[in-house]
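# A structural model of the following input is requested.
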Amino acid sequence: MTRIRKETSCGVIPFRKINDEYQFLLLHQNNGDWSFPKGHAEEGESYEETAVREFTEETGITLKKLYSHKSFSFHFQKQYPNYLLEKDVILFLGEIADEDVSIQKEEIQDSCLCPAEEVLNRLPFESTRVVFREALVFLEKMKEKGIQEV
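So this is what the prediction gives:
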């Protein structure tokens, strides 16, 4: 019988708006994948607290604002030799300032500020691309409603 291990990771889809265009911060993980900053909760942390802490640890920058009223999530399974991992990933939009990134070298190789199309090309998993597209739709709806801040 396969042992099941359940995990939840929380993170941020970091963005900034320059000249009416969005740019998004992606991290190049040491495992070779590009992804948004995220990680596991510490005991007693809310999803939002985990997302902010992990973002700051991995990038060295502070969020201007976390949009916690709307989250974007997906679930996946991955088989390992000794167990089946069932993982939930919960992401929040987070606005960032024009600030230098100081990556956490133990986990991160590099970072980039990318337009949406480049993000979609770099993200390796369809599940992450799906939630990113949902976040883009959310940003556009807020823009259409004339809301200055998302």
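# buried residues in the host helix or strand of Met142?
According to DSSP states H and E, Met142 maps onto helix 126-144. Under the neighbour-count criterion of 16 or more other Cβ atoms under 10 Å, helix 126-144 has Thr128, Arg129, Val131, Phe132, Glu134, Ala135, Leu136, Phe138, Leu139, Met142 buried. Heads up, the C-betas are built off the backbone N, CA and C, glycines and all.
# got it, and stretch 105-124?
Neighbour-count burial for stretch 105-124 [16+ other Cβ under 10 Å]: Ile108, Ser111, Leu113, Cys114, Ala116, Val119, Arg122, Leu123.
# cool, and stretch 49-61?
Buried residues in stretch 49-61 (16+ other Cβ under 10 Å): Thr50, Ala51, Val52, Glu54, Phe55, Glu58, Thr59, Ile61.
# centre of the chain to it, how far?
A distance of 10 Å separates the centroid of the chain from that of stretch 49-61, by Cα atoms, centre = their mean, to the nearest Å.
# the nearest residue in space to Glu57 that is not next to it in sequence: neighbour count?
Excluding its sequence neighbours, the residue lying closest to Glu57 (Cβ to Cβ, 6 or more residues apart in numbering) is Gln104, at 5.8 Å. Using other Cβ atoms under 10 Å, the number of residues around Gln104 comes to 16.
# residue contacts, Gln104?
Gln104 makes contacts with Glu57, Glu58, Thr59, Gly60, as judged by Cβ atoms under 8 Å, 6 or more residues apart in numbering.
# among these, name the ones in strands.
Per DSSP state E, strands hold no members of the contacts of Gln104.
# could you dump those into CSV and include distance to Glu42 and pLDDT?
Shown next, in CSV, are the contacts of Gln104 (distance: Cβ to Cβ, whole Å; pLDDT from 0 to 100):
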residue, distance to Glu42, pLDDT
Glu57, 11, 92
Glu58, 15, 92
Thr59, 18, 93
Gly60, 19, 91
